[in-house]
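Asker: What follows is a predicted structure for the sequence shown.
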Amino acid sequence: MKYLKQFFIITAVAFLGEVLHGVLPFSIPASVYGLVLMLAGLKSGMIPHAAVKDAAAFLIEVMPVMFIPAGVGVITSWPELKPALIPVSITIAATTILVMAAAGTVKFCPGHFVNAHV
């Protein structure tokens with residue numbers, strides 16, 4: 001029952017992001033609205049960390065499985081990607097290094113970015 005409640009909270013916030021995407025005239029994806037709402041809820045205390053912690057941990061654990069359809073899509077669209085192989089490879093390498101650097105900085109210098117008591 002605990003997981004069901006936590007998944008409901010996460011889904012409700014995602015739904016609110018979808019509503020905002022439909023109502024607001026900006027070209028921001030609904031998932032970004034949902035993430036911002038979740039962050040605001042967690043930081044303000046409206047959504048307690050414990051209210052979504054276990055379901056969020058589960059979703060992070062199964063995240064690699066969710067990338068399988070995207071990988072299959074890349075394989076099936078290989079003829080279109082082949083001419084742009086060099087620019088796409090450079091972009092992937094650069095963004096991977098950037099994300100690794102950002103994640104490492106946040107992980108090893110947490111006091112500069114978030115409160116340590118969370």
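Answerer: Received, thanks.

Asker: Kindly export stretch 50-62 (C-alpha atoms) in CSV.
Answerer: The C-alpha coordinates for stretch 50-62 follow below in CSV (Å, rounded to 0.1, in the frame of the first residue of the first chain):
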residue,chain,number,x,y,z
ALA,A,50,9.6,10.1,2.8
ALA,A,51,6.3,10.3,0.9
VAL,A,52,8.0,9.5,-2.4
LYS,A,53,11.4,8.1,-1.4
ASP,A,54,10.8,4.3,-1.9
ALA,A,55,8.9,4.6,-5.1
ALA,A,56,11.5,7.0,-6.5
ALA,A,57,14.3,4.6,-5.6
PHE,A,58,12.4,1.8,-7.4
LEU,A,59,12.0,3.9,-10.5
ILE,A,60,15.7,4.8,-10.5
GLU,A,61,16.5,1.0,-10.2
VAL,A,62,14.4,0.1,-13.2
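
Asker: for it, which positions count as buried?
Answerer: Neighbour counts using 16 or more other Cβ atoms under 10 Å place 51-52, 55-56 of stretch 50-62 among the buried residues. Where C-beta positions appear, they are placed from N, C-alpha and C, glycine not excepted.

Asker: Can you tell me how far the residue positioned nearest the centre of the chain is from I97?
Answerer: In the chain, the centroid-proximal residue (Cα atoms, centre = their mean) is L35; its distance is 7.3 Å. Relative to I97, L35 is positioned 23 Å away (Cβ to Cβ, to the nearest Å).

Asker: Check A50 too.
Answerer: From A50 to I97 the distance is 35 Å (Cβ to Cβ).

Asker: Need the outlier residue of the protein, farthest from its centre.
Answerer: Outermost residue of the chain (Cα atoms, centre = their mean): P83, 29.7 Å.

Asker: What distance do you get for that one to A94?
Answerer: Relative to A94, P83 is positioned 19 Å away (Cβ to Cβ).
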